[in-house]
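**Q** Predicted model and sequence follow; I will ask about them next.
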Amino acid sequence: MKNFYLGLKFSFSYFSILPISFTKEDDLSKKEVLGQMLFNLPLVGLVLGGLTILLFLVLSHLEWYGAIISAVVYMMLYGFIHTEAIMDVADAIYASHSGKDAYTIIKEPTVGAMGVLYAVGLILLKIAGAVYLLIHGFLMEFVAVLMVSRLSLLMLFKIHIFRSSFASLLKESLSIKYIIGSFALFTMVGSMLMVEFILLLLVGLLFAFLISSTIKSKIGFVNGDVLGATLEGVEILLFMTLALFIPLF
């Protein structure tokens with residue numbers, strides 16, 4: 001039970017800016033804790049999505065302006081950690097095109113012009129997609145996307161070999177029981193949010209595989225930045241997919 005509690009706290013501490021504290025006695029390096037951390041990753045999306053919707057409902061009288069504020073706050077709630085990954089991955093891809101070592105570039109603390117431009121462009125697309133869903137009342141669909149994008153990372157942890165010691169440790173800690181348990185639990189929760197959740201999940205998993213595999217083919221490896229960039233790409237593409245097809249039903 002303690003490992004579950006620590007893993008739950010660690011998940012929110014690592015993947016959000018919500019105030020979480022630990023004691024000196026808490027051992028966060030144990031595989032059981034790291035496994036529980038990943039097990040609860042979709043819950044982070046559920047909670048952040050719920051907070052975003054609550055804010056939008058409070059600001060709904062502002063219409064599109066309130067939706068923009070809510071969409072930006074969502075990204076702030078996870079500390080822009082996945083958005084930062086976009087910059088690093090974009091720089092690594094363009095470095096590989098010019099014959100430079102992509103891994104060296106992606107680990108540098110500085111950011112190149114292409115990384116910034118790609119990050120800005122994708123941020124605009126993401127905000128636009130989130131605003132569309134919020135304004136048109138697709139609130140549960142919005143939360144479902146945030147859960148699917150994080151469930152997709154669990155799949156990627158199992159299918160990729162990582163050039164990152166921490167990501168490799170997470171992969172080792174993510175046993176089949178954690179994956180099956182997380183998918184079963186959060187698919188059930190997601191199906192309560194929207195009837196087509198399983199279809200959305202399958203599409204999201206496909207997007208995640210294609211995005212991560214494409215990036216890997218460009219730079220030659222997968223690490224935490226690739227996972228973060230993939231999460232952002234999945235959410236953007238799912239926002240677009242919902243915007244295109246939900247009005248047809």
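**A** Structure's in. What do you need? Because the structure is predicted, anything quoted here is derived from the model rather than measured.

**Q** So which elements touch the worst-scoring helix or strand of the chain on mean pLDDT?
**A** Least confident helix or strand of the chain, by mean pLDDT, DSSP states H and E, is helix 102-107 with a mean of 82. Judged by 3 or more CB pairs under 8 Å, 6 or more residues apart in numbering; DSSP states H and E, the packing partners of helix 102-107 are helix 81-97, helix 197-219. (Each C-beta comes from the backbone N, C-alpha and C, glycine too.)

**Q** and with 6 Å instead?
**A** helix 81-97 (3 or more CB pairs under 6 Å, 6 or more residues apart in numbering; DSSP states H and E).

**Q** Can you list the neighbours in contact with the helix it packs on?
**A** 102, 105-106, 111-112, 114-115, 118-119, 122, 218-219, 225, 228-229, 231-232 (CB atoms under 6 Å, 6 or more residues apart in numbering).

**Q** ditto for stretch 98-107
**A** So stretch 98-107 is contacted by 88, 91-92, 95-96, 219, 225 (CB under 6 Å, 6+ apart).

**Q** what's the offset of that stretch from the middle of its chain?
**A** Computed by CA atoms, centre = their mean, to the nearest Å, the chain-centroid distance of stretch 98-107 equals 24 Å.

**Q** need the contact list for Ser152.
**A** Applying CB under 6 Å, 6+ apart, the residues near Ser152 are 204-205, 208, 234.

**Q** how about Ser21, secondary structure?
**A** Following DSSP: H, G, I helix; E, B strand; the rest coil, Ser21 is assigned to coil.

**Q** Count the residues that sit near it.
**A** 7 (other CB atoms under 10 Å).
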